[in-house]
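>>> got a predicted model here, sequence first, then my questions.
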Amino acid sequence: MDNYKVQVKTRKNALSLVAAATLLIYVGLVFYRGGLPELPSFIKGFHTGAFIGAELCFVFFIAKYIKANKNDAGLKKLYIEENDERSGLIIHSASSLSIVMILVGLVIASVIAGFFNPLIFYTLLATLLFVLIVFFALWKYYSKKH
Amino acid sequence: MKTRIAELRKQHKLSQEELGLIVGVTRQTITSLETGKYAASLVLAYKIAKHFGLAIEDVFDFSELEEL
């Protein structure tokens, strides 16, 4: 459990760093907005929402790690939550089905978009290729690992 | 898969949460094991059987597998 304690502390520090970096980048971009292309208000709102959402997630996990590291019982509970074999199986099953549905959905959407708009068609095709590359790269990685 | 976990847990006066903490899984996993929705891995089956001082086949019912 000592190794895990160090791991949780490292994660907390890394997340704090990422949260601070995200804040700095966002504030920098907001101040520099005059030099960027004018965006529709929906995109600006999306940026603000995504930033606030990300920061809230960081704070949630940082607080969770601080709380868990305060006592051994909390740390063990967190370890069990993260390493529970049934949760792992659920994630594995959901991920396997998701990738099939995403690939099939992207193929269908690409074909349909091809009849109406070339830009959307190429965007969807690029997304499909990206998903396929990531999938086969991970497949190869895990084939060697296991 | 049928198991004797619920029965053994009650005999040893353990809650699902407590047994989960002992063998390193969540309460939900113990619930799923007891209701037969989830089949434990070999490692988990060993940990549970060892905790109750029994052999794996004394806790887990493998008769369904034998029918295959």
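Thanks, I have it.

>>> which residue ranges make up the domains of chain A?
Domain ranges of chain A: A:1-83, A:85-145, per the TED database.

>>> could you give the separation of the shortest one from the chain centroid?
Taking the mean C-alpha point of domain A:85-145 and that of its whole chain, the gap between them comes to 15 Å (Cα atoms, centre = their mean, to the nearest Å).

>>> just confirm yes or no for it near chain B.
Yes. Domain A:85-145 reaches chain B (Cβ under 8 Å from any Cβ of the partner chain) through A:85-87, A:89. Bear in mind the C-beta positions are built from the backbone N, C-alpha and C, glycine included.

>>> now the residues you listed as a markdown table including secondary structure?
Listed next are the residues of domain A:85-145 next to chain B as a markdown table, based on DSSP: H, G, I helix; E, B strand; the rest coil:
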| residue | secondary structure |
| --- | --- |
| A:Glu85 | helix |
| A:Arg86 | helix |
| A:Ser87 | helix |
| A:Leu89 | helix |
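
>>> what comes up buried for the one helix or strand A:Val134 maps to?
Using DSSP states H and E, A:Val134 sits within helix A:118-145. Residues A:121, A:124-125, A:128 are the ones in helix A:118-145 that count as buried (16 or more other Cβ atoms under 10 Å in any protein chain shown).

>>> next one: stretch A:59-79
A:62, A:64-65, A:68-69, A:74-75, A:77-79.

>>> where does the most centrally placed residue in chain A land in three-state SS?
Per Cα atoms, centre = their mean, the C-alpha nearest to the average position across chain A is that of A:Ala54, at 10.0 Å. Put simply, A:Ala54 is helix when judged by three-state DSSP.
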